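*Asks:* quick one: sequence and predicted model below, then my questions.
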Amino acid sequence: MSGPMNTSAITVAMMRGRHNLTERGFVGSPASPNIKRESDMITQILQIGQVVATPGAVEALKKARQTASHFLNRHLSGDWGDTLCDEDRQLNDEATKQGSRVLSAYNLTTGEKLWVITEADRSSTCLLLPSEY
């Protein structure tokens with residue numbers, strides 16, 4: 001388990017058809033009630049590596065007027081989303097300790113689903129639509 005992460009600016013750059021979101025911290029929509037806050041800090045329970053987003057996810061976030069950082073903050077803090085069953089939530093909790101892949105599933109304000117997947121080796125995390133998997 002990692003310590004608090006400063007929630008400062010986020011940088012977006014194009015990279016191989018995906019948006020590269022560098023790890024300089026995250027700010028965004030109001031936090032989920034499940035995020036543990038210490039002023040502008042979140043308790044990070046997961047290493048996420050390089051963060052990328054597919055073009056479909058970027059477009060869906062724009063249409064929903066929501067930010068990638070809002071969902072990354074939720075994912076980082078162990079809030080696995082709106083649509084996972086209890087068994088999948090438990091698997092994610094175990095994955096944070098055992099080094100398996102972690103999947104969060106969120107509903108955007110438009111009703112579209114957004115997935116956030118952190119790879120087992122923690123080298124990268126991708127925001128994508130289920131149809132892009």
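*Replies:* Yep, that arrived.
*Asks:* is Val116 in contact with Ser124, as I believe?
*Replies:* No - checked against Cβ atoms under 8 Å, the pair Val116 and Ser124 is beyond contact range at 11.3 Å. C-betas here are computed from N, CA, C, even on glycine.
*Asks:* same drill for the two, tell me which one is more crowded.
*Replies:* Val116 (25 against 15; other Cβ atoms under 10 Å).
*Asks:* so what sits opposite that one in the bridge?
*Replies:* Beta-bridge pairing of Val116 under DSSP bridges involves Ser104, Leu127.
*Asks:* ends of stretch 45-58, what's the gap?
*Replies:* With Cα to Cα, to the nearest Å as the measure, the ends of stretch 45-58 fall 25 Å from one another.
*Asks:* hang on, I meant stretch 105-121
*Replies:* 20 Å.
*Asks:* just checking, what packs against the top helix by length along the chain?
*Replies:* Scanning the chain for the longest helix, with DSSP state H as the assignment, gives helix 86-98. Contacts defined by 3 or more Cβ pairs under 8 Å, 6 or more residues apart in numbering; DSSP states H and E place helix 86-98 against strand 102-107.
*Asks:* other SSEs contacting the strand it packs on?
*Replies:* Checking 3+ Cβ pairs under 8 Å, 6+ apart, strand 102-107 ends up next to helix 68-76, helix 86-98, strand 113-118.
*Asks:* most tightly packed of those?
*Replies:* The highest average neighbour count among these, using mean count of other Cβ atoms under 10 Å, belongs to helix 68-76 at a mean of 24.
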